[in-house]
Each structure stands twice: as structure tokens, then as C-alpha cells.
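>>> Sequence first, then the predicted structure, then my questions.
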Amino acid sequence: MDFFLQLLVNGICIGFLYGISAMGFVMIFKSSSVVNFAHGELLAAGAFLFLALVTWANLPVPAAFLLTLAGTFILGFVIERLFLRPLIGEPLIEVVMLTIGLASILKGAMLLIWGGNLHNYPDFLPEGLGLHFGAVSIPPVYTTSILISILFLLLFGLFFKFSSQGIYMRSVADNQTAALSLGVHVKKVFALSWAIAALVAGMSGIVLGIINGINVHELSAIGLKVFPVVILGGLDSIGGAIIGGLIIGLLETFTGGYISTSLRDVIPYIALVVILLIRPYGLFGLVEIERV
Amino acid sequence: MRDLKFHPCGNYRESYREELTVFETDFGRLWMALGLAVLFGVVPWTTSPYMLYVINTIGIMAIAAIGLNILIGSTGLISLGHGAFFGVGAYAAGVLASSWNVPIYLAVPAAGIITALTGMIFGIPSGRLKGLYLAIATLAGQFIIEYVLVHWEDVTQGTMGITLPDPSILGVSLRGDRPFFFVIFIVLAAMTWMAVNIMRTRFGRAFVAIRDNDRAAEGMGIPVFPYKLLSFGISSFYAGIAGAIWAFYMISITAEPFTMMMSVEFIAMVIIGGLGSISGSILGAVFITMLNETLRWVTDILMNAGGLAGLELTLAPLRELAFGLAIVLFILFEPKGLAEIWRVVRSSFRLWPFSY
Amino acid sequence: MDSDILLQLNNITVVYSDVIQVLRGVSLAVRERQIVSLLGSNGAGKTTTLKAVSGLLKPENGKVTDGTISYEDKTVQNLSPEEITRKGIIQVLEGRQPFKYLTVEENLKVGTATRWGKPYRKDLEMVYNYFPRLKERRKNLAGYCSGGELQMLVMGRALMAHPKLLLLDEPSLGLAPLVVQEIFRIIVKINEEQQTTIVLVEQNASMALGIAHYGYVMENGKIVMEGRAGDLQKNPDIKEFYLGMGAAGAKSYKDVKAYKRRKRWL
């Protein structure tokens, strides 16, 4: 029973992480219909930037955190401006390949700078954040990560609901022509959604780095794991991303705990294929209406 | 003997048969014959073993790339699992040859068929999905196949890998680069011929119709789902054949190379070569393989150049970087790929000095 | 030129995808604070004319290749929609295109995009004054509103931008006659109270000429007739072709003549 509870807790924690990692992905897809295969590399970029600021530049953690967010924000902006804007209106395969190429570039660059080894952040989390319920314990990294994710989820919920930029972003996602006719800067919205998505990705990268250590290959693999999560949740629903993340997280930890650890990494994809066969547009996605 | 055909100065075709012709002029046939003669008569006898190895790799990759191009370029279905299908072909050949002593000339086609069936299984989601969702489903296929290759130990021997026996045809041993050169390029020629001709039949035309608008294609009476499956089958058949030859060529195989990265390389060949162009896929295979080899060469030089020794420069990251750059630059600046560049160059020669 | 001309189209040609010519030399002038209606059958080029003005040709791969569009004595052809909307030209698209997953009030907020960061409470009140129905439904998702409410919503949304020139594309499309009357009443009210110049594209010719000051008739990408709305209403050809009030009774012989007259137009 304790084992079960511990797995449950771990699953929820990991699920939350997947959920927030997927959030950025959904944001880009929702506003500009671009599928970002470089999402894992954006996670890694955030994690490494934070590492560099903390260890090389010796900045205090909060300052480094804020600077990392700013850096990834700019990175997302630059990526959109340089690579994706010329492709507006091009076929899907080219956009997919472009983000795959981008993933390669980012990954290669990070491997050149930091190598493929595992890096670790210095310990900076206070021990007091860990929680214990009988035999079940939640390590401080997990509580922090859940707190951060909930905080960001709330922030983005408020942003999209109430701020004018948030409303513009939703309006572009909803009906691009109508948004254009009202003078919404659609390209600015695309750029902003990339910037925000990269920021969210950077943040999740840091959290993932705190938990598992930072490694280019692992973080970019998590970027691909975003796909089962978003397919489960529906590609265009931010709330769905969190739920999808939780489901995948639980599925993974329980498979790892009760069946086999090697199956753990594949089970999300098996679930993905099953879901696609049963409900092609995800559990919470909108069914698109197509006409010839 | 009929009259020689030259380039007409306009479109004078009068029947559909003429539209379908492979060679517009007799010079096309001539160049083709000359090219094949040089390929088989000169290349294997004059190049160094290393170059021959590179050329053989290009040939194998080209077979698989042509297959992927039928799927992506002609039918418009994106597959991110081609590398895994290549692996299935390699393993199928490996198991057949090592456990049942099946000779190469049977093992390769059998591997192709096994892979085609596998591909069709993973093509089933295409009945309901398209575009992005299908791409993601094939991505899942990639990971699932990878897992099976490593963990189905009774058959694939897990991480140990499989060692293949010496292949031979009619008692002639095929060990070494030169005999394999003939195997690979005869197969490549046959597979190219097959691909060109598939595209001229009702199947090819149905594929293109599905690519351009699957709903409309369905409205015109094309059974979309069976054709999509067929396209998956054909494309994986190519991957399987290529994988099987590769397995025989490499002697021992493990599941390591058949990753997502390999799938991406295949897509890159198709994109860089030119979507929907068969000659483009071959050019793409040349480009990507040469890129890999050049990078290896450059890193070797840099590693040996003293001073940099402390930097611990390794091949993998540089390769990733250059590879990504190549893809991105091609998509941004020449989205139609090498085939388009080749066409422009050729027609500017043909039309010189009057460029219109 | 008269100083009170707000918008002038000078012999413009519009081409889609570099090959499909849709407008072939359209000239028209819109005076300040007037309602100008643009009539014509389907495919005559009315919507394209509006899009040429508002800059929305660009996303559809269309382009003004010839002629000039001047607005407040500055040329505006082929500017981006972002720039044009900021000059005060707002188009209300054909077929009511709300943001379905936003609430009514959020839809209205998007209308303030051209004036980012400015207060909008007063404008909301203004719009709710014109369209009291919207106030009742302001927390609802726009996707669940009825056709009439949506038409009010998209017009209200455009009003939020304080347009000087409002381009209305078929506001009566698919609405019940009573609702159409209400919409047209509000259009007149907006024109009088907000001093907004309005270009009205309509199929419902009698309603449109009823409220307009001036009218243009388009056929096959050209203006074939223009005049004060009152004069147009009396014109026998207009009566017959657009108002459906052909002299009843007179048959065969007259039909031939009418056919010839109509041919002359095309």
C-alpha cells in the first residue's frame, strides 16, 4: 500500500512536470498551428542557461532564475523571427522539418558547449519543503516543482483570461482573418507566443534539471514525450495538457513500479497509438470540421 | 529505326501516353545508358575501398529514401518512423540468415515483405488521421519498434545483436565492398525503375490525388484508406530492402543505429532532395551521406591538429549542428530541394545562350 | 478634388495569385459622413473592393496591381492590414466571423486592438447602448449566440476601434427581415451619432438604397452605374435587375429589350 501511495505521489509530481512542459508546446500550436519538435531542446536551453548563470557566473539563484526566463523569452522570439516567420503558409512537412532541423542545431550547439554528460545544480532548496506522510515522502524538489507549476498555471490562466495580449492571442488562435480585420498584429502574436512558450519551456527545463540532473539527451527525449501528453489532452487545450501530463506521468510510474522499468519509457507511446485509434483528436481536443 | 526525339519548343503532346513518357528525348536514354555503363564499368574498379564504402552507403540510403519519398512526397503522409522500418528490414534479414540460413537473394525480398507488413500495421492510424496526428502516430511507431528490437530477446538477441553469415549467390562469395557494390546498385536501379513506373500507374496517380486533397480523392471514387495503406506498404518495403542489404553489408547489427535520428536523416534526404522527385531522393541521399563523411573528416583533422586536443571535440555534436543547419537552410532558401537546383542548372545549359 | 472626400478609389485593378484578375478599373469616391452602398450580383467584386481598401487581400494572395486608393489624401493601397486599421478603416467581414471561443465581452475587447492600452469601458457602454442584447449576453461564448446577435457583435466589435470609415460586408446575410430592419436602423444611427462614414455592401438592394446617400452598382469587376441613392431607386434598370420590380405583365418583346440592356452592362 505504501509502495502504491509513493508511486501515486511520484506519478502526480512527474505528471505535473510533463504537463507544464507540454503547456508551451500547446501555446505555440494554438496560436500559430506550428508543431514544435524542438521543444525538448528549448527545455534543455533553459536548464543549461540556468546552470551557466548559477555555476559560471555565480549569480544568486533568484536572479539567475529570472535572467534565465528573460533569456529563453528572447530565444523564443528570435527563433520565430528568423526561422518560422518565412514559413507562414507553407505545407506542414516543411514546418515539421524546420523545427526538427532547429532541434538538431540547438542540440548540437549545447553538446558542443556542455557535452553529453550529466550535470547537476548545486543544492539550494531548503530541506524544510519536503513533506512526509507516514511512509510516503515527497522530496523538496517535487514540492517545489508542483508549487512552481501551479503558480505558472495560475499566472497563465489569468494572462489569457484578462490581459489584452492574452485575449489577442486567443483571438488569433480562434479566427485569424477576423483578428487581422480588427488590426490585431498577428505576426506579433506569433512571436509573442513563441517567446512565452520558450519561457515556459525554460522554466520547466530548470525544474526537470533540479529533479533529474541536466543532460541534453534526456531533456530532448522529454521534448518528444510531450507528444503523447498533448495528444491525450488535445493539442489545443492548455488545461488538457496538464491532465494529459498527469495521466502519462501516472501511467509511467505505475508501469515502472509494477511491470518493468524498461517498458516505462515506451508505454506513453503505446498509449498514444491506442488513443489515436480510439479518439483521433485526443480526449479533450476539438474535432476540426473539414470541407473540400 | 524511328526518328530521334529532341526537346520540342513547346508542349506538343497529343495523347496521355506521351504525358507519361519517362524520357522526353532520346538523349535522356543515351545519358542514362552512359551513366549506368560508367557506374558499373568504371566506378567499382577505380575508387579506393573507403570511397567505395561511402558510395555503397549512399546506394543503400538512396533505396530507403526513394521509398520514403513515395510516402511523403507523393502521397503526402508524413512518417517519422522510417529509420525503425529500416531496422526491421535489417533484423528480419539478420534473423532469417543467421537462424534459418536463408540465402541473401531470398532473405532480402523476404525482409522487404516483412517490413512492408510491419509498415502497414503502423499505417493503420492513417485511416483516421492525417497531417500532424499521423506524424505523431508514426513517431510512436518509431519508439515502439525500437523497444521491440531491443527487448524481444528470443529473436533479436537484445543488445548483443546478430551476426550474419557470409552471403553468397550461386557459390560466389559476396564478402567485401566491390561485390556489394554490384548488389546494391543493381537493386537500386531496379527499385528506381519500379518507383518511376509505380508513379505512372493508377496507383501513383491515386497517391498524388490523395496528397492533394484526400476528401476530393474519395469523392472521385479512390478508396483512400487501402491506398494509404498500400503507400505505407510500398515505402516500408523499400526501407526493408535497404535495411536487409545494409545488414548483410555490415555483417553484424544491433538496434543502436535505428533511432529517431535515422528517421530524421531519411526525411532530410527527401526534403533536401526535393519532395516527390525520385532523382531528388538519390541526390538527397548523396548529400546527407557526403555531409556525414565530410564532417567526420573535418573533425578528424581538427582532432589531430594538436592545439585543440584539450577541447574534446567529438563528431556527434558537430554532425547534429551541421545537419540541422543544412535542413533549415534548404527549407528556408530552396524548399524544392536539390532536384530543383539540378533542373535549373540543366535547363540553363540546354537553353544557353538564349535563356527563354 | 472636393475636400470632403474621405476615400477615393482611382481605377484600381486587383489580381489574385498573380493571374486571376478580379477588379478591372474600379473608381469610386466616398464622402465624409455619408453612407455609400455598393450593389451587385455574386462575384461582381464587391467584397474584393472592400478588401482592397482594408488591406485584407494580402493573406489571400491578392494585390492591387494598378490604380491608387487614397484615404484622407494619402495613398493606402497594399499597406498591411495592421497599418490600415490604425488609420481608422475597419472592415466587418462577410458571414459574421466572431471569435467563437471568446465571450461576447472579450470579442469586443479585441476590437480595441488598434488602440492598445487605452481605456475601453466607455466604448463598451457605447456599444451596449446601440446593442442592448449584447449586454445581456456578455458573459456567453460567442459561438453560442444567434445569427442576429453575432451580426450585432461583429459590428459592435468594429465600433470599439473608433473607425472613421466602416466597411460593412453584407450585414443582412441570412437574417430574418425584422432583424435586418433593426440592424439597418442601427447603421443609420451609428452614421448619424458617431459621424462614421460607412460603405455598405449589400444584396438587399432596396434596404441598402433606402438608407444610403449614394450608390454604386458593380458587375464583373467594374462599376457600371452610380448615382444618388434616390435616383438609383427610380432607375428602371435598377428596379428591374436589383429591386425585383420589373413592370409586370409586359412580356416577350420587352424581355428581349431588357436582355439587351442587361448585356450592355456586362
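Alright, I've got the coordinates.

>>> Buried residues, stretch B:140-155. List them.
B:140, B:141, B:142, B:143, B:144, B:145, B:146, B:147, B:148, B:149, B:150 (16 or more other CB atoms under 10 Å in any protein chain shown). Where you see a C-beta, it was placed from the backbone N, CA and C, and this is true even at glycine.

>>> and those residues near chain A, which?
B:140, B:141, B:143, B:144, B:147, B:150 (CB under 8 Å from any CB of the partner chain).

>>> could you dump these to a markdown table with secondary structure and pLDDT?
Shown next, in a markdown table, are these (DSSP: H, G, I helix; E, B strand; the rest coil; pLDDT from 0 to 100):
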| residue | secondary structure | pLDDT |
| --- | --- | --- |
| B:140 | helix | 88 |
| B:141 | helix | 88 |
| B:143 | helix | 89 |
| B:144 | helix | 90 |
| B:147 | helix | 88 |
| B:150 | helix | 85 |
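
>>> Residues touching the helix or strand containing residue C:12, excluding its own?
Using DSSP states H and E, residue C:12 falls within strand C:5-16. Under the criterion CB atoms under 8 Å, 6 or more residues apart in numbering or on different chains, residues C:1, C:21-32, C:45, C:48-49, C:52-53, C:57, C:60-72, C:77, C:89, C:164-165, C:197, C:199 lie in contact with strand C:5-16.

>>> go on, stretch A:244-259?
Residues outside stretch A:244-259 that contact it (CB under 8 Å, 6+ apart): A:3, A:7-8, A:10-22, A:225, A:228-234, A:263-265, A:267-268, A:271, A:282-284.

>>> hmm, 6 Å instead?
A:7, A:10-11, A:14-15, A:18-19, A:22, A:228-229, A:232-233, A:263-264, A:267-268 (CB atoms under 6 Å, 6 or more residues apart in numbering or on different chains).

>>> By neighbours, which of the residues you listed wins?
Neighbour counts for the contacts of stretch A:244-259 (other CB atoms under 10 Å in any protein chain shown) peak at residue A:22, which has 33 neighbours.

>>> so residue A:215 touches residue A:120, yeah?
No: contact criterion CB atoms under 6 Å: residue A:215 and residue A:120 do not qualify, at 10.0 Å.

>>> Let's see stretch A:10-28 as PDB, backbone CA atoms only.
Written as PDB, here are the backbone C-alpha positions of stretch A:10-28 (Å, rounded to 0.1, in the frame of the first residue of the first chain):
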ATOM      1  CA  ASN A  10       5.700  10.300  -7.800                       C
ATOM      2  CA  GLY A  11       3.400   9.900 -10.700                       C
ATOM      3  CA  ILE A  12       1.500  13.000  -9.900                       C
ATOM      4  CA  CYS A  13       4.700  15.000  -9.500                       C
ATOM      5  CA  ILE A  14       6.200  13.800 -12.800                       C
ATOM      6  CA  GLY A  15       2.800  14.200 -14.400                       C
ATOM      7  CA  PHE A  16       2.800  17.900 -13.400                       C
ATOM      8  CA  LEU A  17       6.200  18.300 -14.900                       C
ATOM      9  CA  TYR A  18       5.100  16.800 -18.200                       C
ATOM     10  CA  GLY A  19       2.000  19.000 -18.100                       C
ATOM     11  CA  ILE A  20       3.900  22.200 -17.800                       C
ATOM     12  CA  SER A  21       6.500  21.100 -20.300                       C
ATOM     13  CA  ALA A  22       3.600  20.500 -22.700                       C
ATOM     14  CA  MET A  23       2.000  23.800 -21.900                       C
ATOM     15  CA  GLY A  24       4.500  25.800 -24.000                       C
ATOM     16  CA  PHE A  25       4.000  23.400 -26.900                       C
ATOM     17  CA  VAL A  26       0.300  23.800 -26.800                       C
ATOM     18  CA  MET A  27       0.700  27.600 -26.700                       C
ATOM     19  CA  ILE A  28       2.600  27.600 -29.900                       C
END
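
>>> what separates that stretch from the chain centre, distance-wise?
Chain-centre distance of stretch A:10-28: 6 Å, with CA atoms, centre = their mean, to the nearest Å.

>>> backbone phi and psi for residue C:37, please?
When read as degrees, to the nearest 10, the backbone of residue C:37 gives phi -110, psi 150.

>>> Is it in contact with residue C:200, as I believe?
Yes: using CB under 6 Å, residue C:37 is in contact with residue C:200, at 4.4 Å.

>>> Between these two, which has more neighbouring residues?
Higher neighbour count among residue C:37 and residue C:200: residue C:200, with 29 against 26, using other CB under 10 Å.

>>> In terms of helices and strands, where is that one?
With DSSP H and E as criterion, residue C:200 is part of strand C:197-201.

>>> Against which helices or strands is that strand packed?
strand C:35-40, strand C:165-169 (3 or more CB pairs under 6 Å, 6 or more residues apart in numbering or on different chains; DSSP states H and E).

>>> Which neighbouring elements make contact with the one helix or strand residue C:157 maps to?
Element membership for residue C:157, per DSSP H and E: helix C:147-159. With contacts taken as 3+ CB pairs under 6 Å, 6+ apart, helix C:147-159 sits against strand C:89-92, helix C:104-110, helix C:132-136.

>>> Does the closest residue in space to residue B:287 that isn't next to it in sequence fall in a helix, a strand, or a coil region?
Nearest-residue entry for residue B:287: residue B:272, 5.5 Å, with adjacent residues in sequence omitted and distances by CB to CB, 6 or more residues apart in numbering or on different chains. With DSSP: H, G, I helix; E, B strand; the rest coil as the basis, residue B:272 sits in helix.

>>> picking that back up, ok, and what's touching the strand holding residue C:200?
Residues from elsewhere that reach strand C:197-201, judged by CB under 6 Å, 6+ apart: C:6, C:30, C:32-33, C:35-38, C:46, C:165-170, C:191, C:208.

>>> again, 7 Å this time
C:6, C:30, C:32-38, C:46-47, C:50, C:164-170, C:187, C:191, C:208, C:212 (CB atoms under 7 Å, 6 or more residues apart in numbering or on different chains).

>>> Just give me the neighbour total for the residue nearest to residue B:161 when sequence neighbours are not counted.
What sits nearest to residue B:161 in space, not counting adjacent residues and going by CB to CB, 6+ apart, is residue B:254, at 3.6 Å. The local packing of residue B:254 (other CB under 10 Å) involves 20 other residues.

>>> Just the pLDDT for residue B:254.
Reading off the confidence values, residue B:254 has pLDDT 83.

>>> Backbone dihedrals for it, please?
phi -130, psi 170.

>>> which ones are touching residue 108?
Since no chain was named, I'll use chain A. Counting by CB under 7 Å, 6+ apart, residue A:108 makes contact with B:317, B:318, B:320, B:321, B:324.

>>> I was after chain C.
Per CB under 7 Å, 6+ apart, neighbours of residue C:108: C:124, C:127, C:156, C:157, C:160.

>>> dump the residue contacts of the last one.
For residue C:160, the contact set (CB under 7 Å, 6+ apart) comprises C:108, C:111, C:112, C:120, C:123, C:127.

>>> That concludes my questions; thank you for your assistance.
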